[in-house]
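Enquirer: sequence plus predicted model, see below.
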Amino acid sequence: MKLHEYQSKKIFERYEVPIPKGRVANIASEAKQIAEELGGRVVIKSQVLVGGRGKAGGIRLAKDPKQAKEIATDILGMEIKGLPVRKILVDEIVDIDQEIYLGIINDRNFRQPVVIASSSGGVDIEEVAQFSPEKIFKLAIDPLLGLQDFQVRDIALGIDLRREFWKQFIKILRGLYRAYIDSDATLAEINPLVITKDKRLIALDAKMIIDDNALFRHPELMEFRDLDIEAPAEIEAQKYGLSFIKLEGDIGCMVNGAGLAMATMDIISQFGGNPANFLDIGGGAGAPKVAAALRIILSDPKVKVILINIFGGITRCDEVAKGILSALGDMKTNIPVVVRLVGTNAEEGRNLLVDAKIQTAETLVEAAEMSVLLSNGGAS
Ligand code: GDP
Ligand code: MN
């Protein structure tokens, strides 16, 4: 889950990483009010989950509350890289002397958190990495030992930070690291971390990504979820405890078990078809869960056929069949469904489906072949 700048800043604040004074708003008149509270000069920042807002015109300075309202109106009417701006952050203006990059990422090559720092902050860090890699300093942190004092000093040295700023920098990096670890983040980034004209270090921008698989441990972060931008299907899937990933094809898949789901997708590809999704309903799914899964698949307009592949162990095939029938009854769809059931109560399950005139297949190969044929407009 990506967090908005204003949300990441709230977390930073808890870890004593200094941020500019400011507040989030969703109407222009509020921006004016906040500007008045902050003494007039403010920066208005669109809150959208993409980078490069500055270049796209989504970050502008206002010299007084009246102008703050005008700019807020403009920005709230914008779309940045296809995303509508629904919120703005109104922050006090900071006079910048230098812009630094400071980030922590979960690095899969190092298999550790890696601190990345650069004296060339503010701009796109990928570009710096590509064109002037010597300006990027990287250091892996052993998560069991944590961030050591000598490492923090190495990083400060690595970006040629002047001694007078070390004390502030050390506190910020330590705070950022704790925020990253405590939140189960895969990224915590400050770009730019600025040195102000009056020699203070402040996080001007903030970005965090939280590991979705750890969200259950963070009820306090759940409220940050931006339901506007998450795909409704994925929200629905999460509600029912289904593992769902949308893909680009037209054959909807419903399978129990992640491995079997992958095998099913492979066999579909083998026959020249394209899966529309990965969906694992898990073990022991009852009828309501199956019905929810089917509704989620059917909500994708690209889906031309649905392949259901169930290997009943704990999952009972008759329960699955009941779920399928109940969902199809509710949705009144004419999208063909091909079902392969084996294992516990398969016979009962198949009989229920046959009575309702739903196609069943004996083997996975047969089911996949039939689905691909149907997705190509073939006769059933
Ligand atoms: P991004 O473009 O989405 O990464 O948004 P940032 O928050 O990083 O802002 C982009 C740029 O806007 C920064 O690198 C700064 O140069 C500028 N900026 C943002 N806030 C301020 C501010 O308070 N004062 C000044 N002078 N510039 C700012
Ligand atoms: Mn930035």
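Expert: Cool, got the structure. Ligands and ions are numbered 1, 2, ... in the order given.

Enquirer: am I right that Pro192 sits in a strand?
Expert: Yes: counting by DSSP: H, G, I helix; E, B strand; the rest coil, Pro192 is found in a strand.

Enquirer: what about Leu325, which helix or strand?
Expert: The secondary structure element spanning Leu325 is helix 317-331 (assigned by DSSP states H and E).

Enquirer: state the mean pLDDT of that helix.
Expert: Mean per-residue pLDDT for helix 317-331: 85.

Enquirer: chain center to it: distance?
Expert: Computed by Cα atoms, centre = their mean, to the nearest Å, the chain-centroid distance of helix 317-331 equals 31 Å.

Enquirer: which helix runs longest in the chain?
Expert: As assigned by DSSP state H, the longest helix anywhere in the chain is helix 166-182.

Enquirer: packing partners of that helix?
Expert: In terms of contacts (3 or more Cβ pairs under 8 Å, 6 or more residues apart in numbering; DSSP states H and E), helix 166-182 is packed against helix 5-14, strand 96-107, strand 112-118, helix 149-158, strand 185-196, strand 201-203. Placement of C-beta: from N, CA and C, glycine included.

Enquirer: spatially nearest residue to Gln151 (excluding sequence neighbours)?
Expert: The shortest distance from Gln151 to any non-neighbouring residue, by Cβ to Cβ, 6 or more residues apart in numbering, is to Leu139 (5.8 Å).

Enquirer: just to check, the one you found is in contact with Val114?
Expert: Yes: counting by Cβ atoms under 8 Å, Leu139 touches Val114, with 6.8 Å between them.

Enquirer: now the strands: where do they sit in the stretch 201-350 of the chain?
Expert: Assignment of strands within the stretch 201-350 of the chain using DSSP state E, counting those that start in this stretch yields the ranges 201-203, 207-210, 243-246, 251-255, 277-280, 305-312, 337-343.

Enquirer: now the longest one - C-alpha only, PDB.
Expert: As requested, the backbone C-alpha atoms of strand 305-312 are provided in PDB (Å, rounded to 0.1, in the frame of the first residue of the first chain):
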ATOM      1  CA  VAL A 305     -15.300 -17.500 -19.900                       C
ATOM      2  CA  ILE A 306     -14.700 -18.700 -16.400                       C
ATOM      3  CA  LEU A 307     -12.600 -21.800 -15.500                       C
ATOM      4  CA  ILE A 308     -13.200 -23.200 -12.000                       C
ATOM      5  CA  ASN A 309     -10.700 -25.800 -10.900                       C
ATOM      6  CA  ILE A 310     -11.200 -27.300  -7.500                       C
ATOM      7  CA  PHE A 311      -9.200 -30.000  -5.900                       C
ATOM      8  CA  GLY A 312     -11.400 -30.900  -2.900                       C
END
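
Enquirer: now do it against strand 337-343, angle only.
Expert: 10 degrees (axes from the mean of the first three to the mean of the last three Cα atoms, to 10 degrees).

Enquirer: name the helices or strands packed onto strand 305-312?
Expert: In terms of contacts (3+ Cβ pairs under 8 Å, 6+ apart), strand 305-312 is packed against strand 251-255, helix 258-270, helix 287-298, helix 317-331, strand 337-343, helix 346-355, helix 364-375.

Enquirer: could you redo the last one with a cut-off of 7 Å?
Expert: Packed against strand 305-312 by the contact rule (3 or more Cβ pairs under 7 Å, 6 or more residues apart in numbering; DSSP states H and E) you find strand 251-255, helix 258-270, helix 317-331, strand 337-343, helix 364-375.

Enquirer: got the angle for the longest one vs helix 346-355?
Expert: Direction vectors for helix 317-331 and helix 346-355, defined by the same axes, to 10 degrees, enclose an angle of 20 degrees.

Enquirer: mind giving me the packing neighbours of helix 317-331?
Expert: The elements that helix 317-331 packs onto, with contact taken as 3+ Cβ pairs under 7 Å, 6+ apart, are helix 287-298, strand 305-312, strand 337-343, helix 346-355.

Enquirer: redo that, cut-off 6 Å
Expert: Packing partners of helix 317-331 (3 or more Cβ pairs under 6 Å, 6 or more residues apart in numbering; DSSP states H and E): helix 287-298, helix 346-355.

Enquirer: repeat for the last one
Expert: In this structure, helix 364-375 makes packing contacts with helix 258-270, strand 305-312, strand 337-343, judged by 3+ Cβ pairs under 6 Å, 6+ apart.

Enquirer: what is the rounded mean pLDDT of stretch 67-77?
Expert: Model confidence over stretch 67-77, given as mean pLDDT, is 97.

Enquirer: what's next to it, contact-wise?
Expert: With Cβ atoms under 6 Å, 6 or more residues apart in numbering as the contact definition, stretch 67-77 has outside contacts at 28, 31-32, 35, 42, 44, 46, 60, 62, 85, 88.
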